[in-house]
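Asker: Need coordinates for the following:
(chains A and B)
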Amino acid sequence: NAGVTQTPKFQVLKTGQSMTLQCAQDMNHNSMYWYRQDPGMGLRLIYYSASEGTTDKGEVPNGYNVSRLNKREFSLRLESAAPSQTSVYFCASRTPGLADTQYFGPGTRLTVL
Amino acid sequence: DAKTTQPPSMDCAEGRAANLPCNHSTISGNEYVYWYRQIHSQGPQYIIHGLKNNETNEMASLIITEDRKSSTLILPHATLRDTAVYYCIVRVKGKNRDDKIIFGKGTRLHILP
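Answerer: Next up, the predicted model:
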């Protein structure tokens, strides 16, 4: 199993440009999450999806949209990037049942100029 | 907001036990305590979780006070590779809908050679 994969690993955007961050998991997990982490800070939840076809806002959803395309994939879109969105973005999925833990991807490092 | 309080940083000598405290004074009866860690630039990694009994696995031990208002993560023989940010999270286990899984700022643990 590849676990949780994210693409791209690095991205530089200009202010106002749009892009989509991709996340996929091959562990058959129902729940998926997007977090951002600013330098020296903890993780902040942007959006999450409890199951295919559902999405909910987290702590900092403004400026982002998400799509739960199917059970495997959960994408994060920046429609008009701003310098304040410069961050490292982590995707996670969560095991069902008794274990109930999150698995994280390697992150996407995004810089908005 | 995160429902836990952790010291921002701690030091521990290599080979000694690292004891990381977490306060969760408003924890509910059905909320579990989870610990994750994040090694520099990587995605967070699950360590351990518990409800009210002490737990141990190959990575660490978790001690939860009888009133459940605080807990301590113990790394019995810390190594330089344990240098990381450690996050304490409380949440209801197995709940999908409305389970936002919020991370706080964590404790930055420095293992000193």
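
Asker: now could you export just the CA positions of stretch B:37-45 as PDB?
Answerer: Provided in PDB are the C-alpha atoms of stretch B:37-45 (Å, rounded to 0.1, in the frame of the first residue of the first chain):
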ATOM      1  CA  ARG B  37       4.200  13.400  16.600                       C
ATOM      2  CA  GLN B  38       5.600  15.300  13.700                       C
ATOM      3  CA  ILE B  39       9.200  15.000  12.800                       C
ATOM      4  CA  HIS B  40      10.600  18.000  10.900                       C
ATOM      5  CA  SER B  41       8.900  18.500   7.600                       C
ATOM      6  CA  GLN B  42       7.000  15.200   7.700                       C
ATOM      7  CA  GLY B  43       3.400  14.400   8.100                       C
ATOM      8  CA  PRO B  44       2.200  13.700  11.700                       C
ATOM      9  CA  GLN B  45       2.500  10.100  12.900                       C
END
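
Asker: Any buried residues in that stretch, and which?
Answerer: Using 16 or more other Cβ atoms under 10 Å in any protein chain shown as the test for burial, stretch B:37-45 gives B:R37, B:Q38, B:G43, B:P44, B:Q45. C-beta coordinates here come from the backbone N, C-alpha and C atoms, glycine included.

Asker: just curious, which of those residues is nearest to A:G58?
Answerer: B:P44 (15.4 Å; Cβ to Cβ).

Asker: Test my guess that that closest one contacts A:Y103.
Answerer: No - the criterion here is Cβ atoms under 8 Å, and B:P44 misses it with A:Y103 at 9.2 Å.

Asker: shared neighbours, these two?
Answerer: A:A92 (Cβ atoms under 8 Å, 6 or more residues apart in numbering or on different chains).

Asker: does any part of the helix or strand bottoming out on mean pLDDT in chain B sit near chain A?
Answerer: Least confident helix or strand, chain B: strand B:84-92 with a mean of 90, by mean pLDDT, DSSP states H and E. Yes - counting by Cβ under 8 Å from any Cβ of the partner chain, chain A is contacted by strand B:84-92 at B:V85, B:Y87.

Asker: Give me the local confidence score for the residue of chain B found nearest chain A.
Answerer: Going by Cβ to the nearest Cβ, chain A is nearest to B:G43 of chain B, at 3.0 Å. The per-residue pLDDT reported for B:G43 equals 92.

Asker: Which secondary structure state does it sit in?
Answerer: coil (DSSP: H, G, I helix; E, B strand; the rest coil).

Asker: wait, it sits on A:G105?
Answerer: Yes - between B:G43 and A:G105 there is a contact under Cβ under 8 Å: 5.6 Å.
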